[in-house]
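>>> Let me see the structure of the following:
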Amino acid sequence: MGPLPGENGRGAATLAGGVHHRALRAAIVDDEELARAYLRELLRGHPEIEIAAECANGFEAVKAISEMQPEIVFLDIQMPKLDGFEVLELIERRESAGPAVVFVTGYDQHATRAFDAHAVDYLLKPFGADRFERALERAKARLGEAPLPAGLAREARGPEDRPRRIVVRDGTRIHLIPLEKLDYAEAQDDYVALHSGGKSYLKQQPIGDLEEALDREHFVRIHRSAIVNLERVARVEPYGKESRIAILEDGTRLPVSRSGYARLLAAMGDSAGKRSETR
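This is a model prediction of the structure:
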């Protein structure tokens with residue numbers, strides 16, 4: 001379902017005493033109709049909130065949020081087509097801009113990653129009206145000048161909480177690259193070129209951020225400008241006096257720095273790494 005007209009009239013809400021204030025626009029994103037209906041009912045008691053959009057999948061959400069620009073988004077995580085984290089990435093949200101996001105999900109294992117994405121709260125289904133009210137207050141605090149209430153701790157991300165694919169927006173097209181199909185990545189100023197199956201995709205993301213998101217048991221930063229999938233490395237050869245070069249299965253040649261070589265050996269195992277080097 002796409003954008004909806006606000007229950008209180010678009011852009012305004014009448015509060016006690018007949019004073020008119022601009023309504024806060026909200027979007028509800030969940031693939032379950034019952035879940036969306038429950039959130040609608042909880043918001044019914046808040047005349048200051050206008051439901052600007054309802055969406056049943058990630059693609060609908062990206063379109064509606066981009067067009068309607070709601071201040072608050074209630075966002076499910078596990079949905080068809082695109083998950084909640086991919087939706088946030090595609091709307092190019094940043095910590096200091098964009099909507100206040102409240103994740104609403106039936107799974108607790110995504111909490112750390114949700115707070116890495118600067119969510120204001122994480123509602124675990126089933127939840128009651130009191131818990132919802134606290135989440136809404138957090139969202140309002142994020143939108144105003146009041147400090148965000150404490151309690152959203154950020155911890156190191158575990159392997160089970162890492163993304164399984166990379167999303168790339170190219171105009172109106174969206175490309176989904178499963179991590180196991182990512183061959184290597186190269187830094188290009190503020191962008192990263194992602195190479196997969198003979199194709200390249202340009203994504204606006206620092207290579208350091210990409211490195212942080214990837215599983216280091218499978219991907220290694222071999223140079224300040226290159227990350228490689230270990231399974232694609234065929235061998236490592238000397239190149240010049242003190243440098244090396246990694247040759248991938250498809251013949252691609254990537255530079256390997258001294259620190260990158262140490263990381264590569266550690267990831268592959270010293271003996272495997274030494275056997276792969278041609279002298």
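>>> only C-alpha atoms for contact and neighbour calcs from this point on.
Fine.
>>> Regarding the protein, what is its longest helix?
helix 129-143 (DSSP state H).
>>> Contacts for the helix or strand just after it next, please.
From helix 129-143 onward toward the C-terminus, using DSSP states H and E, the following helix or strand is strand 165-170. Strand 165-170 is contacted from outside by 86, 89-90, 174-179, 201-203, using C-alpha atoms under 8 Å, 6 or more residues apart in numbering.
>>> What ranges does the protein have for its helices?
Using DSSP H, helices in the chain cover 33-43, 58-68, 84-90, 111-116, 129-143, 207-213, 258-268, 270-276.
>>> Looking at these, spot the one closest to residue 76.
With C-alpha to C-alpha as the measure, helix 84-90 is the member of the helices of the chain nearest residue 76 (5.8 Å).
>>> and the closest one, how far out from the chain's middle?
Relative to the chain's own centre, helix 84-90 is displaced by 5 Å; criterion: C-alpha atoms, centre = their mean, to the nearest Å.
>>> Just give me the neighbour total for residue 126.
Counted with other C-alpha atoms under 10 Å, residues neighbouring residue 126 total 9.
>>> Skipping adjacent residues, who's closest to it in space?
Once flanking residues are discounted, residue 126 sits nearest to residue 106: 7.2 Å by C-alpha to C-alpha, 6 or more residues apart in numbering.
>>> Quick check, that neighbour in contact with residue 127.
No. Between residue 106 and residue 127 there is no contact, the gap being 9.7 Å when judged by C-alpha atoms under 8 Å.
>>> how many neighbours does residue 166 have?
Neighbours of residue 166 (other C-alpha under 10 Å): 18.
>>> tell me the pLDDT at it?
pLDDT for residue 166: 87.
>>> for residue 272, same thing?
49.
>>> that older thread, which parts of the longest helix of the chain count as buried, going by neighbours?
Neighbour-count burial for helix 129-143 flags 132, 135-136, 138-143 (criterion: 16 or more other C-alpha atoms under 10 Å).
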